[in-house]
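**Q** from the sequence below, what's the structure:
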Amino acid sequence: MRRLFSTTILAIAVLLLFGTDLMAEDFGMIMDTSGKISLNRQGKKIKAEIGQTLFAGDSIRLDKGSSLVLVSYELCEEWIIDGPLTLTFTEYDIIADKDPQPEPGRQLPVCYSLDEMSTTDSDTLGALVLRGSPDDPVRKLRMEFNNGQASNSTLMALILHEIKNGSTAQAEPFFQELKKRAPDSAFIKKMEHAFQ
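**A** I've put the predicted structure just below:
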């Protein structure tokens, strides 16, 4: 009994000292936003921007007419969600404050975590997972870009795939297109030094 009490006190002390960040798990990344969107993390409002990592416990409020595109890290699923509604994130899922609950759309062939990336060493890009056809899992994404239909999710996946393969030059057109769309995004800020 004394050991259980001591362990509980220690766990509470660690949480008080370090906060709940130690327990937070990544859900995924914001790929695109439109309209009025507010992100709440541990009781604080922060900017919801492209490239922002979403953690378990975060919540997002989408006003009427707003939309949000996300990619989950667990299965590389793309979620396109329209407001008005409030979303709460777990490590593996999204829970809306009203039905119908959001459902994922397509599964991307490339999945990554911006927070774990290191663009200084292409071998340790971090959390880059190729899914789908072993022949060329990003072929369809390249076709979307060539046809002028690339989403921000597509552009980010192509940028990271090309950098992982050591070809900043091939990533350049994807990066420039995304930079036009979201020049001040967290993703662009994180990646810009790789293109200088």
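**Q** what ranges in this protein fall below the confidence cut-off?
**A** 1-24, 112-137 (pLDDT under 70).
**Q** longest strand in it, please.
**A** strand 26-34 (DSSP state E).
**Q** the residue positioned nearest the centre of the chain: what's it in contact with?
**A** Taking CA atoms, centre = their mean as the criterion, Met29 is the residue nearest the geometric centre of the chain, at 1.1 Å. Counting by CB atoms under 8 Å, 6 or more residues apart in numbering, Met29 touches 51-54, 70-71, 73, 113-114, 156. (C-beta placed from N, C-alpha, C; glycine too.)
**Q** reformat these as JSON lines; add distance to Ser185 and neighbour count.
**A** Putting these into JSON lines (distance: CB to CB, whole Å; neighbours: other CB atoms under 10 Å) gives the following:
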{"residue": "Gly51", "distance to Ser185": "5", "neighbour count": "20"}
{"residue": "Gln52", "distance to Ser185": "8", "neighbour count": "23"}
{"residue": "Thr53", "distance to Ser185": "13", "neighbour count": "17"}
{"residue": "Leu54", "distance to Ser185": "14", "neighbour count": "25"}
{"residue": "Leu70", "distance to Ser185": "14", "neighbour count": "25"}
{"residue": "Val71", "distance to Ser185": "14", "neighbour count": "26"}
{"residue": "Tyr73", "distance to Ser185": "18", "neighbour count": "21"}
{"residue": "Ser113", "distance to Ser185": "16", "neighbour count": "16"}
{"residue": "Leu114", "distance to Ser185": "10", "neighbour count": "20"}
{"residue": "Met156", "distance to Ser185": "10", "neighbour count": "30"}
